[in-house]
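J.: Generate coordinates for the sequence data below:
(one chain, ligands or ions: 1)
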Amino acid sequence: MMNYSLRSGFLGMTFPAAVTLLCGSLLWTGCGQAEAPRQHPHVVLLVVDTLRQDRLNPYRDPGRMVTPNLQDLVSQEGAVALPGLLAASSWTKPSMATIWTGQTPAQHGVMRLQGAHARLQTEQTLPVSFAAAGYRTGGVMSNFLLTRRMGAGFERGFQFWDDAPGRHPNPHRGTTAQEVTSSGLSWLKQQGAHQDMPPVFLMLHYFDPHASFEDQVDVDFSVPDYDGWVTPGASTDLLREYQAKVTAEDQAALLGWYDEEIWAVDRAIGQVVETLKAQGMWEDTILMITADHGEELGERQHIGHTQTLMSELVDVPLVVHIPEAYQSRWNLPEANGQGGYAMTQLMPALLAVSGVPMPPQCRLEAPEILQAEVDFEPVRKEHVEKFVRQRAVRAHGLQLTWDLRGEQMWLHDLTQDPQMMQALPADHPGWSKMRPLLDQVQFWEAP
Ligand SMILES: [Zn+2]
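T.: Here you go, the predicted model:
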């Protein structure tokens, strides 16, 4: 009984929950003794490509239950859905490089599809830091841009690296959450969870909510009687052909297929949590779930991403589970006075809570101003209309967005209009507060 009271007091849990957990721990300690928390917890990082925050039930009611497992997760002790994470950019490479280095795009310079600015410049990445601290590191990558053969360096530091899901002949259609989860969890189970074993850092990258949007057979969010051009499996190019004339019905159909893909990832999240619990690892595991950027589904006559820095693309989820034993080390500083978080802070926060030293470029400190930027240059010159150069700053509950190519600026009030659908007028007092901030923040300059 002493073990029960120690363990339940330590975890701050109710008695039945503590008993369940203790029974789980008996399987892996082998001796039945309550154990002190690990010095270095396990870390599981799930990054979902193209996942906007507002379709997830813990954030906003999308009118149906799209993410039952996420909803269940945030009701558990030590888990929370944090609002206000601003993506560093509106496409994969710059944002993933920020998560991997703790740097802004101006600092890491990973802004292009190919060439020197398509590769990580620093060796001091998140997985390298965990590996250097003695972690066993495993990663499964489903985005073709981040596979080893693309030479960007995202695989550095991983002892186990599986990017087969990102190497399907048609990368926009072949990848499934099931494939990613199965690969990652098999590796995880091989590691064992005994206290004497080194801790684990596992990263799983999911691609499902990225177009094409596939029909999931186990769930149905389709619009009854809809017979328009929105069909499951339609390519991004095809969807973009119609983006200027999206009707409310088309948008409902798009959201239906998009939500089905989110639902598939949510099921995978449930499997990850279940496995961590079955392995007796849950109370020693920092779990972080986030996204690189969101997706536009017709809100501004756009479908896809890279095209703006509006809410659909830059407001991304951040769900964390921090077990009680590690909560005193958990610190994710809010941007000053704004209630928002910068993507640059994810790496230092993960390293700090894990007791792992930070490389010199990483700093755990609240940014004064939140920033996002996109400088997307298409590889094929005929796609010149997809060349986008925009910058955004967030402060005082406002976002100022600057389109450098279109020579336009918009100001939005995030407190009154979080979806950023109504730009503020030219005489709004917020302009004089926000315009100087564009000069205070360093943005990437195209060479
Ligand atoms: Zn992406």
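
J.: Up against the ion, what does the stretch 251-400 of the chain have?
T.: Residues of the stretch 251-400 of the chain found near the ion (Cβ under 5 Å from the ion) are D292. Every C-beta, even on glycine, is put in place using the N, C-alpha and C of the backbone.

J.: Tell me where the stretch 251-400 of the chain has strands.
T.: All strands of the stretch 251-400 of the chain, identified by DSSP state E, counting those that start in this stretch, fall at 285-291, 296-297, 303-304, 315-316, 318-321, 341-342, 370-376, 388-395, 398-403.

J.: Reformat the ones you listed as a markdown table; add distance to M96, mean neighbour count and mean pLDDT.
T.: Output for the strands of the stretch 251-400 of the chain, formatted as a markdown table (distance: least, Cβ to Cβ, whole Å; neighbours: other Cβ atoms under 10 Å; pLDDT from 0 to 100):
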| stretch | distance to M96 | mean neighbour count | mean pLDDT |
| --- | --- | --- | --- |
| strand 285-291 | 10 | 24 | 98 |
| strand 296-297 | 19 | 24 | 96 |
| strand 303-304 | 17 | 23 | 94 |
| strand 315-316 | 12 | 26 | 98 |
| strand 318-321 | 15 | 21 | 98 |
| strand 341-342 | 15 | 25 | 97 |
| strand 370-376 | 14 | 25 | 96 |
| strand 388-395 | 18 | 23 | 96 |
| strand 398-403 | 22 | 21 | 97 |
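
J.: any idea how far K245 lies from L239?
T.: Going from K245 to L239 by Cβ to Cβ, to the nearest Å gives 12 Å.

J.: These two: who's more crowded?
T.: Counting neighbours by other Cβ atoms under 10 Å for K245 and for L239 shows that L239 has the greater number, 23 against 10.

J.: and that one, what element?
T.: For L239, the host element (DSSP states H and E) is helix 236-241.

J.: How far does that helix sit from its chain's centre?
T.: Its chain's C-alpha centre and that of helix 236-241 lie 25 Å apart, by Cα atoms, centre = their mean, to the nearest Å.

J.: Repeat that for stretch 385-405.
T.: Relative to the centre of its chain, stretch 385-405 is centred 21 Å away, using Cα atoms, centre = their mean.

J.: Take it, keep the C-alpha atoms, and write them as CSV.
T.: Extracted C-alpha coordinates of stretch 385-405, given in CSV (Å, rounded to 0.1, in the frame of the first residue of the first chain):
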residue,chain,number,x,y,z
GLU,A,385,1.6,33.4,-60.1
LYS,A,386,2.4,31.2,-57.2
PHE,A,387,5.4,33.4,-56.2
VAL,A,388,4.4,35.0,-52.9
ARG,A,389,6.3,37.3,-50.7
GLN,A,390,4.5,38.3,-47.5
ARG,A,391,5.5,39.3,-44.0
ALA,A,392,3.4,39.6,-40.8
VAL,A,393,3.8,40.8,-37.3
ARG,A,394,1.5,40.2,-34.3
ALA,A,395,1.3,42.4,-31.2
HIS,A,396,-1.3,44.2,-29.2
GLY,A,397,-4.0,41.7,-30.3
LEU,A,398,-3.5,42.8,-33.9
GLN,A,399,-1.9,41.3,-37.0
LEU,A,400,-0.3,43.5,-39.7
THR,A,401,0.2,41.7,-42.9
TRP,A,402,2.4,43.1,-45.7
ASP,A,403,2.3,41.8,-49.3
LEU,A,404,5.5,43.0,-50.8
ARG,A,405,4.7,41.9,-54.4
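
J.: And the residue nearest to Y341 when sequence neighbours are not counted, what's its pLDDT?
T.: Ranked by Cβ to Cβ, 6 or more residues apart in numbering and with sequence neighbours excluded, the top spatial neighbour of Y341 is L85, at 4.6 Å. L85 carries a pLDDT value of 97.

J.: same thing with P37?
T.: Reading off the model, P37 has pLDDT 81.

J.: what about it, how many neighbours?
T.: 15.

J.: That one belongs to a strand, doesn't it?
T.: No: with DSSP: H, G, I helix; E, B strand; the rest coil as the criterion, P37 is coil rather than part of a strand.

J.: Run through the residues that contact it.
T.: Taking Cβ atoms under 8 Å, 6 or more residues apart in numbering as the contact definition, P37 lies against 10, 283-284, 323, 325-326.

J.: are any of these buried, and which?
T.: Among the contacts of P37, those classed as buried by 16 or more other Cβ atoms under 10 Å are 10, 283-284, 323, 325-326.

J.: Would you map the helices across the stretch 151-300 of the chain?
T.: 177-191, 236-241, 248-278 (DSSP state H, counting those that start in this stretch).

J.: make that the stretch 1-150 of the chain, sorry
T.: Along the stretch 1-150 of the chain, counting by DSSP H, counting those that start in this stretch, helices occupy 2-11, 15-29, 68-74, 92-101, 105-108, 126-132.

J.: rewinding a little: indicate which one of the strands of the stretch 251-400 of the chain is closest to A79.
T.: Set against A79 and scored by Cβ to Cβ, those come closest in strand 318-321, at 4.2 Å.

J.: Domain-wise, how is this protein divided?
T.: By the assignment in automatic domain parsing, the chain contains the domains 1-35, 39-368.

J.: The ion contacts on the stretch 1-150 of the chain?
T.: 49, 92.

J.: In the chain, which residue sits closest to the ion?
T.: Across the chain, the shortest distance to the ion (Cβ to the ion) belongs to T92, at 3.1 Å.

J.: Can you tell me which one of the contacts of P37 sits lowest on pLDDT?
T.: Within the set of those, pLDDT is lowest for F10 (27).

J.: re earlier: least confident of the domains of the chain, on average?
T.: domain 1-35 (a mean of 33).

J.: on that earlier part again, go ahead and confirm the residue of the chain closest to the ion touches V47.
T.: No: using Cβ atoms under 8 Å, T92 is not in contact with V47; the gap is 9.6 Å.

J.: so what sits against both of the two?
T.: Residues touching both T92 and V47 by Cβ under 8 Å, 6+ apart: D292.

J.: Verify the stated contact: G166 with M141.
T.: Yes: judged on Cβ under 8 Å, G166 makes contact with M141 at a distance of 5.0 Å.

J.: any residues in contact with both of those two?
T.: By Cβ under 8 Å, 6+ apart, the residues touching both G166 and M141 are 147, 205.

J.: Of those two, give the one with the bigger neighbour count.
T.: For G166 and M141, the more surrounded residue by other Cβ under 10 Å is M141, and the numbers stand at 28 against 23.

J.: ok, that one - contacts?
T.: Neighbour list for M141: 147, 154-155, 161-163, 165-166, 205 [criterion: Cβ under 8 Å, 6+ apart].
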